[in-house]
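[1] next input, structure requested:
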Amino acid sequence: MNNCESEEIVEAANIAISNLLPTKSRSLYDIAYNRFKKWCAEKHVQVYSENVLLAYFSENAKNYKSSTLWAQYSMVKSCLIIYDNIDISKFPKLIAFLKRTGDGYQAKILTKSEIDRFLSSADDKEFLMIKVGLILGIAGACRTDELVNLTVDDIEDVGSSLIVKLLNNKTKIPRIFVVTDVGNMLELFRKYLSLRPPHVKHKRLFFYYKAGKCSSQPVARIPWEKFLV
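    Coordinates of the predicted model:
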C-alpha cells in the first residue's frame, strides 16, 4: 500500500475496481479470464507478453470463428487491465492477427425449411439447447450475448406462448417479444427447462448440455457451429 493512501482509500478503490466489469455478464468475463490463466499455467507462462497472447489466440482460432475470438479478446482485455494492469489493446501484432481471422468470412443465412427441419428432426439428446437458443434467437432477433445472459426470470410461460423481456444494459428499457406455439417450439423449451439442475443458485437459462443432461455451469457461448455443420 502507498504510504500516502489510507486503508479506507485503498478499500474504496478495491470496491470500485470490483465493479468495473458488467454486472449481468461478469461471469462470462471471469470464465474467459480464468480459461486464459489456466492456459498460461499449463504453458508455464509468467509474463503476459504480446507473443503469449498471439500464441493463445492463434490456438483458439483453430476452433472458433472470428466473432467469437473478438468477444474473447474483449473480455480477456478488460480483465487483464483490471486484475493485472496490462493493456493488450496496445499489442499491434495481436490486433492485426485478430483482424486477419475475419478475412473471407461469410455468415450463413438459414432458410425457414432448414430451421424447421432442424427443430423437428435433430436429436434432442445432442441439440436441445441449440434448438431452444435458435427458437428464442429468431423470435426476438437476439444477439448471442443476449441469449447467453438470459435468465429464467426473463421468460414467462403463459401457456399458449412465452413472453420474453430483455433489459437493455444502456437504456435500462426492456424489449419484449413473444414466442408463439408453432410446431413443437414451446414443447422443446419446456423440455429443456425441465432439465435445469435443481441445486443451482443462479438464474441463467442456458447451461452446458451434453448427452441429454445439463451441467450446473452456465454457457459462455452457444455452439452454433454444431447446427451449421
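[2] kindly list the longest helix within this protein.
    Assignment by DSSP state H gives helix 66-84 as the longest helix of the chain.
[3] in that helix, what counts as buried?
    For helix 66-84, burial by neighbour count (16 or more other CB atoms under 10 Å) applies to 66, 68-73, 75-80. For the C-beta atoms, the positions are set from N, CA and C on the backbone; glycine is no exception.
[4] list the contacts of residue 31.
    residue 220 (CB atoms under 8 Å, 6 or more residues apart in numbering).
[5] verify the assumption that it is located in a strand.
    No - Residue 31: not assigned to a strand; according to DSSP: H, G, I helix; E, B strand; the rest coil it is helix.
[6] the next helix-or-strand element following the longest helix of the chain - contacts with which helices or strands?
    Using DSSP states H and E, the helix or strand that directly follows helix 66-84 along the chain is helix 92-100. Using 3 or more CB pairs under 8 Å, 6 or more residues apart in numbering; DSSP states H and E as the contact definition, the elements that helix 92-100 packs against are helix 50-60, helix 66-84.
[7] residue 160 is nearest to which of those helices?
    Closest to residue 160 of the helices and strands packed on helix 92-100 is helix 66-84 (CB to CB; 35.1 Å).
[8] CA atoms only for the closest one - export them in PDB, please.
    Written as PDB, here are the backbone C-alpha positions of helix 66-84 (Å, rounded to 0.1, in the frame of the first residue of the first chain):
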ATOM      1  CA  SER A  66     -13.600 -14.600 -35.800                       C
ATOM      2  CA  SER A  67     -16.600 -13.100 -34.000                       C
ATOM      3  CA  THR A  68     -16.000 -15.400 -31.000                       C
ATOM      4  CA  LEU A  69     -12.300 -14.600 -30.900                       C
ATOM      5  CA  TRP A  70     -13.100 -10.900 -30.800                       C
ATOM      6  CA  ALA A  71     -15.500 -11.400 -28.000                       C
ATOM      7  CA  GLN A  72     -13.000 -13.500 -26.000                       C
ATOM      8  CA  TYR A  73     -10.300 -10.900 -26.700                       C
ATOM      9  CA  SER A  74     -12.600  -8.100 -25.400                       C
ATOM     10  CA  MET A  75     -13.300 -10.000 -22.100                       C
ATOM     11  CA  VAL A  76      -9.700 -11.000 -21.500                       C
ATOM     12  CA  LYS A  77      -8.500  -7.500 -22.300                       C
ATOM     13  CA  SER A  78     -10.900  -6.000 -19.700                       C
ATOM     14  CA  CYS A  79      -9.900  -8.500 -17.000                       C
ATOM     15  CA  LEU A  80      -6.100  -8.100 -17.700                       C
ATOM     16  CA  ILE A  81      -6.500  -4.300 -17.300                       C
ATOM     17  CA  ILE A  82      -8.400  -4.600 -14.100                       C
ATOM     18  CA  TYR A  83      -6.600  -7.500 -12.400                       C
ATOM     19  CA  ASP A  84      -3.100  -7.300 -13.800                       C
END
